[in-house]
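# Can you look at this prediction? I've put the sequence above it.
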Amino acid sequence: MKIMPNRLDRGFYMYQEEFEKKAIETLRSGWYVLGREVRSFEEEFAQYTGARYCVGLASGLDALWIAFRILGIGAGDEVIVQGNTYIASVMGITINGATPVFVEPDAWHTIDVSKIEEKITNRTKAILIVHLYGQASDMAPVQKLAQTYHLKLVEDCAQSHGACYQGQMTGTFGDIGCFSFYPSKNLGAFGDAGAILTNDPRIAEDVRIFRNYGSEKRYYNKVVGANSRLDELQAGLLRVRLKHMHALLEERQRICGRYLKELCNDAIQLPQVRKQTTHAWHQFVLRCPRRDALMQYLDELEIGSIIHYPIPPHLSEAYAYLGLKQGDLPITEQYAKEVLSIPLYCGMTEEEQSCVIDAINQFQ
Ligand SMILES: *Cc1c(COP(=O)(O)O)cnc(C)c1O
């Protein structure tokens, strides 16, 4: 059986009628950017997460760089972030001219909180927490550090829609929570989309103005902003999916529960779930010292898998200017050599799950 790492079409057909109805309704409305659907989505997503404000944006990367811009973080400032993240987290920092300071990950692939303090200097202005793969980071000590050192706290929740730490949703712990609704994310649109969450009315207002050329009133521009508007079609389709978010998360949890119970092979290490967190299972990430052999073996059985991510940002060509080299972040670099994400998507059949499990259990 051929199994792909992800099947976005399945997620569409699950609620096909509702999506199509909303799409046609929006097309016929004659209003396509920043309107009723966007406002409703912002209200509903804020309510879902427990944040006071949500502001829709054009992408997850925009959410990140606009967050740092609004917080006044730029050239000469340092932002602490884990080494093993998607490069967009880092670009959110560097687009503003700030410098990323990398910290090694813990056993859950999130930032190793015990290694943050040693990286704080008098230039440090913020911590960017990434809830990678849908696993919530250890937020209590992070919040404490941010308070003690007067640092801004920003969360990259592009992979953690629905993930909780001690019953509280990710994206609501700091000054700003940044979300992506790229189609493959847990809450995915049918194109690019993003948002920020905040409890601060001034931040919400600043982002609202910034996303639309810095204009509060038409043709009256307060600041030099960006065009990072969320469109009505994406917002409407996101509203449809958000209504089913509980069921969608449960399905991911059910599939990963099965993986955790039934996968059994000494050659691989299963992901762990941090205590007092609800994992949103954006990815199910194995570690295997012979990862490339495992990947090729699965590929020969027509089972797709993906490496998230093969090149850590500090070794990426894009960040050569930071002057970091191989060996600077040994744990991050080891993870990059060992991680493998196996097929996981809503609408995955039990037969497909069994096929993945059997294949991995027979890997030698
Ligand atoms: C997807 C992703 C982003 C970027 O989101 P886009 O909507 O693609 O711009 C940022 N950070 C992480 C961790 C992501 O997974």
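That came through fine.

# what about the closest residue to residue 337 other than its chain neighbours, distance to residue 193?
Nearest residue to residue 337 in three dimensions, chain neighbours excluded: residue 291, at 6.5 Å (Cβ to Cβ, 6 or more residues apart in numbering). Using the backbone N, CA and C atoms, a C-beta is placed for each residue, glycine as well. From residue 291 across to residue 193, the span is 32 Å (Cβ to Cβ, to the nearest Å).

# who has more neighbours, the two?
Set residue 291 next to residue 193 and count neighbours by other Cβ atoms under 10 Å: residue 193 wins out with 30 against 20.

# Residue 93: what's it in contact with?
64-65, 68, 73, 79, 81, 99-100, 128 (Cβ atoms under 8 Å, 6 or more residues apart in numbering).

# That one falls within a strand, correct?
No: under DSSP: H, G, I helix; E, B strand; the rest coil, residue 93 sits outside any strand and is assigned helix.

# before we move on, the earlier item: keep only those of the contacts of residue 93 that are in helices.
Those of the contacts of residue 93 mapping onto helices are 64-65, 68, per DSSP state H.

# if we look at the ligand, which of the residues you listed are close to it?
Residues of the ones in helices among the contacts of residue 93 in contact with the ligand (Cβ under 6 Å from any ligand atom): none.

# Just the closest of those residues to residue 3, please.
Checking those against residue 3 with Cβ to Cβ, the nearest one is residue 64 at 32.2 Å.

# Burial check on that closest one, number of neighbours?
30.

# Equivalent analysis for residue 125, please.
Neighbours of residue 125 using other Cβ under 10 Å come to 21.

# hang on, it packs against residue 96?
No: with contact defined as Cβ atoms under 8 Å, residue 125 does not count as touching residue 96 (10.4 Å).

# Give the residues shared as contacts by those two.
Shared contacts of residue 125 and residue 96 (Cβ under 8 Å, 6+ apart): residue 73.

# how near is the residue nearest to residue 337 to residue 267?
10 Å.

# do residue 188 as well
32 Å.

# more crowded one of these two?
Higher neighbour count among residue 188 and residue 267: residue 188, with 22 against 14, using other Cβ under 10 Å.

# Residue 97 in helix, strand or coil?
With three-state DSSP as the criterion, residue 97 reads coil.

# tell me the contacts of the spatially closest residue to it that is not a sequence neighbour?
Among residues not flanking residue 97 along the chain, residue 75 sits closest, at 3.7 Å (Cβ to Cβ, 6+ apart). Taking Cβ under 8 Å, 6+ apart, we find residue 75 in contact with 96-98.

# Check residue 113 too.
Applying Cβ under 8 Å, 6+ apart, the residues near residue 113 are 106, 137-138, 141-142, 145.

# redo that, cut-off 7 Å
Residues near residue 113 by Cβ atoms under 7 Å, 6 or more residues apart in numbering: 138, 141-142.

# The spatially most central residue of the chain: which element?
Geometric centre of the chain, nearest residue: residue 158, 1.9 Å, by Cα atoms, centre = their mean. Of the helices and strands defined by DSSP states H and E, none includes residue 158.

# Surely it touches residue 61?
No: Residue 158 lies out of contact with residue 61 (Cβ atoms under 7 Å); the separation is 8.8 Å.

# residues in the stretch 151-300 of the chain within reach of the ligand, list them.
So the stretch 151-300 of the chain meets the ligand at 156, 158-159, 180, 182, 192, 194 (Cβ under 6 Å from any ligand atom).

# go with 8 Å
Residues of the stretch 151-300 of the chain that fall close to the ligand, judged by Cβ under 8 Å from any ligand atom: 156, 158-159, 178, 180-182, 184-185, 192-194, 282.

# From the ligand, how far off is residue 226?
To the ligand, residue 226 is 13 Å away according to Cβ to the nearest ligand atom, to the nearest Å.

# residue contacts, that residue?
66, 210-211.

# Could you dump the residues you listed into JSON lines and include pLDDT, neighbour count and distance to residue 299?
Converted to JSON lines, these look like this (pLDDT from 0 to 100; neighbours: other Cβ atoms under 10 Å; distance: Cβ to Cβ, whole Å):
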{"residue": "66", "pLDDT": "98", "neighbour count": "27", "distance to residue 299": "39"}
{"residue": "210", "pLDDT": "98", "neighbour count": "22", "distance to residue 299": "44"}
{"residue": "211", "pLDDT": "98", "neighbour count": "25", "distance to residue 299": "42"}
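
# Turn those residues into JSON lines, including distance to residue 275.
Listed next are those as JSON lines, based on distance: Cβ to Cβ, whole Å:
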{"residue": "66", "distance to residue 275": "34"}
{"residue": "210", "distance to residue 275": "38"}
{"residue": "211", "distance to residue 275": "38"}
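
# And those residues, which is closest to the ligand?
residue 66 (11.4 Å; Cβ to the nearest ligand atom).

# Is the closest one in contact with residue 228, as I believe?
Yes: judged on Cβ under 7 Å, residue 66 makes contact with residue 228 at a distance of 6.4 Å.

# okay, and the common contacts of these two?
By Cβ under 7 Å, 6+ apart, the residues touching both residue 66 and residue 228 are 57, 211.

# Give me the contacts around stretch 326-343.
Contacts of stretch 326-343 (Cβ under 7 Å, 6+ apart): 3-5, 83-84, 102, 104-105, 109, 283-289, 291, 294-295, 303-312, 314-315, 352, 356.

# how about 6 Å then?
Stretch 326-343 is touched from outside by 3, 5, 83-84, 102, 104, 283-288, 291, 295, 305-306, 308, 310, 312, 314, 356, with contacts defined as Cβ atoms under 6 Å, 6 or more residues apart in numbering.
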